[in-house]
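S.K.: Pasting the sequence and the predicted coordinates here, then a few questions.
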Amino acid sequence: MGGPATSEPPGAAAGVYNAPMTVAPILALVLAAEGVPFHTLEGGETLGAGGTVAAFAGGFSSLSAAYAQGLSDAQDWGLRLDADWLTSELFLGGLYRQLVWRSGDVLGAARLRAGLYGDLGASYAAKKNRSDGGLEVVPGLGSSGHLLGGILSLEGEVPVFVTFSRGGGFAIGLKGATAFEAPVGKDLTLGGRLGVQALWSTGGAPFAPDSPRASYEVMLLLTYQLL
């Protein structure tokens with residue numbers, strides 16, 4: 001006698017056969033862009049003289065936009081705007097990146113952001129958050145290497161905040177992040193970034209009542225090469 005009849009859930013076979021059809025367009029874009037030079041604002045690989053990009057990021061828990069240009073093969077400068085929708089923190093300022101070493105396809109750079117800092121005091125996610133304004137300076141180091149047709153980047157930063165409300169405050173943090181980006185066309189790069197941060201605050205700084213504070217980020221990256 002034959003074994004018991006078997007059945008599979010409706011649409012299971014169709015799902016198996018449709019999966020390649022779903023992945024195929026994404027693979028086609030990546031393969032078509034294989035070998036196309038592309039730029040990133042993550043990590044340590046500079047844009048090169050005259051290289052110009054517009055970069056956007058969004059996810060948990062912020063949105064950002066940046067414009068940057070290569071001053072030389074080893075130096076980048078630009079402008080950046082960040083808005084954290086979870087804490088209502090804002091940053092508007094400049095960015096700078098200086099290539100400091102290279103070994104084959106692996107590059108390392110010193111990185112810096114500096115500008116105006118604001119906190120609108122949203123407390124729906126951070127109950128002890130307080131509104132404030134001040135200055136933010138973020139020195140850091142980044143490295144990048146080419147991998148699987150894309151760029152893998154590692155970053156370490158030390159965010160420093162000086163705030164003006166409630167007699168003034170001070171905060172310092174440690175942040176680490178990794179990102180991977182790959183071209184999906186001649187001038188467009190897509191990727192993602194994961195990061196974690198610890199922040200210590202004192203005095204009148206927004207998060208001093210809840211110090212130290214830990215946070216993380218999961219971001220989608222999009223970079224468009226202008227020149």
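M.R.: Cool, got the structure. All values reported here derive from a predicted model rather than from experimental measurement.
S.K.: now the helices: where do they sit in the chain?
M.R.: Secondary structure of the chain (DSSP state H): helices at 12-32.
S.K.: Which residue is the nearest non-sequential neighbour of the most centrally placed residue in the chain?
M.R.: In the chain, the residue lying closest to the centroid (C-alpha atoms, centre = their mean) is residue 193, at 5.0 Å. Counting by C-beta to C-beta, 6 or more residues apart in numbering, residue 193 lies nearest to residue 179, which is 3.9 Å off, once chain neighbours are set aside. From N, CA and C alone the C-beta is placed, and that goes for glycine too.
S.K.: Now do the same contact list for the one you found.
M.R.: Residue 179 is in contact with 40, 42-43, 152-153, 155, 191-194, 221, counting by C-beta atoms under 8 Å, 6 or more residues apart in numbering.
S.K.: The same query, at a cut-off of 10 Å, please.
M.R.: 40-43, 57, 142, 144, 150-155, 191-195, 219, 221 (C-beta atoms under 10 Å, 6 or more residues apart in numbering).
S.K.: Now restrict the residues you listed to buried residues only.
M.R.: 40-43, 57, 142, 144, 150-155, 191, 193, 195, 219, 221 (16 or more other C-beta atoms under 10 Å).
S.K.: which residues touch residue 189?
M.R.: Residue 189 neighbours (C-beta under 10 Å, 6+ apart): 33, 36, 38-42, 53, 55, 150-151, 181-183, 221-225.
S.K.: Filter those down to the ones in strands?
M.R.: Judged by DSSP state E, strands contain the following of the contacts of residue 189: 53, 55, 150-151, 181-183, 221-225.
S.K.: Can you select the buried ones among the residues you listed for me in ChimeraX?
M.R.: Restricted to buried positions by 16+ other C-beta under 10 Å, the ChimeraX selection for the ones in strands among the contacts of residue 189 reads:
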select :53,55,150,151,181,182,183,221,223,225
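S.K.: want to throw the ones in strands among the contacts of residue 189 into JSON lines with distance to residue 81?
M.R.: Compiled in JSON lines, those are given as follows (distance: C-beta to C-beta, whole Å):
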{"residue": "53", "distance to residue 81": "15"}
{"residue": "55", "distance to residue 81": "11"}
{"residue": "150", "distance to residue 81": "26"}
{"residue": "151", "distance to residue 81": "23"}
{"residue": "181", "distance to residue 81": "20"}
{"residue": "182", "distance to residue 81": "25"}
{"residue": "183", "distance to residue 81": "25"}
{"residue": "221", "distance to residue 81": "15"}
{"residue": "222", "distance to residue 81": "15"}
{"residue": "223", "distance to residue 81": "15"}
{"residue": "224", "distance to residue 81": "16"}
{"residue": "225", "distance to residue 81": "20"}
